[in-house]
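Student: My questions concern the predicted model and sequence given below.
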Amino acid sequence: MGGSTKKRQLEMALQKLRPLTSRSPRLEQYPTPADIAADLLWEALAAGDIEGKDVIDLGCGNGILAIGAMLLGAHHAVGIDIDPEAIKVAEQAAADTGVNVEFFEADVSTAKGSFDTALMNPPFGAQTKHADRPFIEKALQVAHRTYSLHNDGTEAFVEKLVSSLGGVSLPVKRYKFEIPYAFEFHRKATESVSVVLLRFER
């Protein structure tokens, strides 16, 4: 089976995952689109950062990145989210998909352990300035490599922060992130946001 077929299958599997039933604007719980999640995972897989590796998904939401990592042959995956509802949805999604992921209801700042790879779609900081900062700090603390989605235009800030924490931040790819209408302050059915995928290395 070709790589593009396998990637398409991964995207289709992620598309089927149940979404969060309610979302908090404060937590900026925007779902990671299945095509972008699949592409992020594929980039990490191609770089040797998924298969046989221990993976952590920080701010896991419905578990899309942790579940996707297990589908691509990760050795072990952990997902952390502060929202108890998200953890319930993620646990059910993993069970439905037939993969084993450990999910924990906790603030990402409390995450412990040592992982090969961190995967995350942290808050973009639209509601709370620099809301992605604790995610970046924790990722560099617990993982050797991180794949993280950020608002295009925040690259310089993220690069400076990562550098101050002893890491290196490299742009991997850019995407158009379609955010469906979720909160009353949204004016359109979908909002298109330019997003950059960054890879951090310790």
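Tutor: Great, that's in hand.
Student: contacts and neighbour counts: CA atoms only from here.
Tutor: Noted.
Student: OK, contacts around the spatially most central residue of the chain?
Tutor: Nearest to the mean C-alpha position of the chain, by C-alpha atoms, centre = their mean, lies Met120 at 2.6 Å. Met120 makes contacts with Asp57, Leu58, Gly59, Cys60, Leu65, Thr146, Tyr147, Ser148, Leu149, as judged by C-alpha atoms under 8 Å, 6 or more residues apart in numbering.
Student: same thing but at 7 Å, please
Tutor: Met120 makes contacts with Asp57, Leu58, Gly59, Tyr147, Ser148, Leu149, as judged by C-alpha atoms under 7 Å, 6 or more residues apart in numbering.
Student: what separates it from Leu65, distance-wise?
Tutor: 7 Å (C-alpha to C-alpha, to the nearest Å).
Student: Give me the common contacts of the two.
Tutor: Asp57.
Student: Just confirm Pro19 contacts Gly61, I think it does.
Tutor: No: when contacts are counted by C-alpha atoms under 7 Å, Pro19 is not listed as touching Gly61 (8.5 Å).
Student: Name the residue in those two with the higher neighbour count.
Tutor: Taking Pro19 and Gly61 together and counting by other C-alpha atoms under 10 Å, Gly61 has the greater number of neighbours (30 against 18).
Student: If I look at that one, what pLDDT would I see?
Tutor: Per-residue confidence (pLDDT) for Gly61: 93.
Student: Which residue is the nearest non-sequential neighbour of it?
Tutor: Ala86 (5.2 Å; C-alpha to C-alpha, 6 or more residues apart in numbering).
Student: Show me what the helix or strand hosting Ile36 packs onto, helices and strands only.
Tutor: Using DSSP states H and E, Ile36 falls within helix 34-46. Applying 3 or more C-alpha pairs under 7 Å, 6 or more residues apart in numbering; DSSP states H and E, one finds that helix 34-46 contacts helix 3-15.
Student: and the angle for the helix it packs on with helix 34-46?
Tutor: Here helix 3-15 runs at an angle of 130 degrees relative to helix 34-46 (axes from the mean of the first three to the mean of the last three C-alpha atoms, to 10 degrees).
Student: Might you list the low-confidence residue ranges for the chain?
Tutor: Residues of the chain that meet the criterion pLDDT under 70 lie in 1-2, 22-29, 125-128, 180-190.
Student: what about the helices in it?
Tutor: For the chain, applying DSSP state H gives helices covering 3-15, 34-46, 64-71, 84-97, 133-142, 155-164.
Student: Surely Ala106 touches Asp81?
Tutor: Yes: counting by C-alpha under 7 Å, Ala106 sits close enough to Asp81 to count as a contact (5.6 Å).
Student: okay, the two: which has more neighbours?
Tutor: Asp81 (23 against 17).
Student: What's the local residue count around Glu102?
Tutor: Neighbours of Glu102 using other C-alpha under 10 Å come to 17.
Student: again, but for Leu40
Tutor: Around Leu40 there are 22 residues (other C-alpha under 10 Å).
Student: what about it, distance to Ala69?
Tutor: 10 Å.
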